[in-house]
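Asker: okay, structure incoming, though there's no sequence with it:
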Ligand SMILES: Nc1nc2c(ncn2[C@@H]2O[C@H](COP(=O)(O)OP(=O)(O)OP(=O)(O)O)[C@@H](O)[C@H]2O)c(=O)[nH]1
């Protein structure tokens, strides 16, 4: 019966996070907890199961089981529907691709991950991307760029992460770029950080970099004593590459000291833990050690065999190096091409946007012009209208008598002439009436000139009430008025003239309570006797008027065929 511990989902989540943070700090405990979590898998939520599968994949990759790790990682990337898990899995897959020498794919993935980095909030995921990209760049010989990514890892505060991993990455990057010696202070910083946080795998990396430098500096004893001291740790951490590096370095150090047996033993141990198809600089170095020993001992055939392995590894390693550099260049070219394409598209876009803005501006400007033109037209039309109206008003004013508002003498005469011309054509009769107020001087004298004016306006109002719209009415001067009655025969004219006279007589003016009675004498001529000549009509009407005055005023005298009256 397996010991299944049922925990609440939150407990599982806590355990998953705890297990993840122990990956490199305490690998044995990580394995124990992972086993425990694997047993709890049936009771986990979907997301927790994906997290567990990620930790299993991480472990497979850590052990060097790349085939299974890659399958699991691709499944996580494609199906977990979790951006953080997918990013971590991608970072890990990229590192596996580097390890399994699929550089083109690794750089392609690296490009995608770096491009997406601004969207990644999870610190562990960010850390992994920066960390593995830095290592990939180191493999491609891009040490400065790798160091800049390594430096960025120092700024990430992932849960459970300390300065240990960032410093270690920086250290390995500097080492790869030959910018490090064994007394560099970064060693102590990395060692202190890794010791404090208990991240023994990274501490192993630091020791291996240091022992590598001892070897480079011909301090083989120091390298051996260091490696002997850290070897139990490295074995306990079970990181395949570290064990391989440590064994190879030991072999090289013993060879330098002339301890061939120990050198052979270590070199063979390095080869033994590697798969037959593996190629690496460490395996190359291990075969070189074996070749040197066998050659020294005169075992030509064995030496030749190791030499062949050495050459194979060296070629493999060099191919590896150039493949990595090539893949990097290709990825760079690809990125550059994409960037250029993006820039081109963005430039085209900018041009289109500018074009659009210009079109909009042009449209706005033409709208403005049209609006201005319309406004100008409206203004001109308005102005012309005003001009016309004022002209008409002026003309009207010039035709009217200022006091009474009826036609003045000049206008009356010209209109009368025009009307008579028309009436003559139709053979239609007309009568010309001449009205003159009686003793008007006395009105002025008695009541003043202003009252005299009121009497004149009053007279006009009285006359208008007796006239048709077709009749022409005008002030001929002073207190004298003229009326041309169109389509009017003599008898009708006399009747109208008398109606006017009577109306004037019967309509005194009330001027401030003072009743002013007045009368008018009327003379009339008509076309039936005088014809259509205005001068003659006027003359005859005046003659009749004169007669009316002379014979006592306040009467109508019409010229007959025989003369006045
Ligand atoms: N208030 C006023 N008086 C005017 C105007 N035009 C002329 N008169 C006056 O009209 C008067 C005309 O006087 P007269 O020609 O002697 O005629 P009358 O007094 O009416 O006498 P008869 O025509 O003979 O009945 C004069 O006193 C003029 O000054 C005017 O526009 N306003």
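Answerer: Perfect, thanks for sending it. Being a predicted model, the structure only gives us computed values, none of them experimental.

Asker: so where's the chain shaky on pLDDT?
Answerer: Scanning the chain with the threshold set as pLDDT under 70 gives 1-10, 159-161, 326-327, 330-345, 561-565.

Asker: how about the residues of it that lie near the ligand?
Answerer: For the chain, the residues in contact with the ligand (C-beta under 6 Å from any ligand atom) are 403, 436-441, 444, 449, 452-453, 456, 478-479, 549. To be clear about C-beta, it is placed using only N, CA and C from the backbone, and glycine gets the same treatment.

Asker: cutoff 5 Å now
Answerer: Residues of the chain found near the ligand, taking C-beta under 5 Å from any ligand atom as the criterion, are 438, 439, 440, 441, 444, 449, 452, 453, 478, 479.

Asker: mark which of the residues you listed are buried, thanks.
Answerer: Neighbour counting by 16 or more other C-beta atoms under 10 Å classes 438, 440, 444, 452, 479 among the residues of the chain next to the ligand as buried.

Asker: the ligand: which of those residues is nearest?
Answerer: Among those, residue 452 lies closest to the ligand (C-beta to the nearest ligand atom), at 2.5 Å.

Asker: state the helix or strand in which that closest one lies.
Answerer: According to DSSP states H and E, residue 452 maps onto helix 449-466.

Asker: and residue 523, by the same measure?
Answerer: Since the elements are taken from DSSP H and E, residue 523 ends up inside strand 520-526.

Asker: quick check: neighbours of that strand in the sheet, parallel or antiparallel?
Answerer: Here the strand partners of strand 520-526, with direction, are listed using DSSP bridges: strand 430-437 (antiparallel), strand 556-560 (parallel).

Asker: now residue 473: how far from residue 457?
Answerer: Here residue 473 is placed at a distance of 13 Å from residue 457 (C-beta to C-beta, to the nearest Å).

Asker: which residue ranges form the strands in this protein?
Answerer: Listed in chain order, the strands found in the chain under DSSP state E are 430-437, 472-477, 480-486, 509-511, 514-516, 520-526, 556-560, 563-564.

Asker: sorry, back to before: angle of the strand holding residue 523 against strand 480-486?
Answerer: Strand 520-526 and strand 480-486 meet at an angle of 40 degrees, taking axes from the mean of the first three to the mean of the last three C-alpha atoms, to 10 degrees as the criterion.

Asker: mind listing what residue 220 touches?
Answerer: The neighbourhood of residue 220, defined by C-beta atoms under 8 Å, 6 or more residues apart in numbering, consists of 214, 252, 253, 254, 256, 257.

Asker: mind naming the longest helix for this protein?
Answerer: Ordering each helix of the chain by length in residues (DSSP state H) puts helix 300-399 first.

Asker: of all the residues in the stretch 301-450 of the chain, which one is nearest the ligand?
Answerer: Shortest the stretch 301-450 of the chain-to-the ligand distance, computed as C-beta to the nearest ligand atom: residue-wise this is residue 441, at 3.0 Å.

Asker: my read: residue 309 touches residue 288, true?
Answerer: No - proximity of residue 309 to residue 288 does not meet the contact threshold set by C-beta atoms under 8 Å, at 9.3 Å.

Asker: in terms of neighbours, single out the busier of these two.
Answerer: Neighbours per residue (other C-beta atoms under 10 Å) separate residue 309 from residue 288, with residue 288 holding more: 22 against 18.
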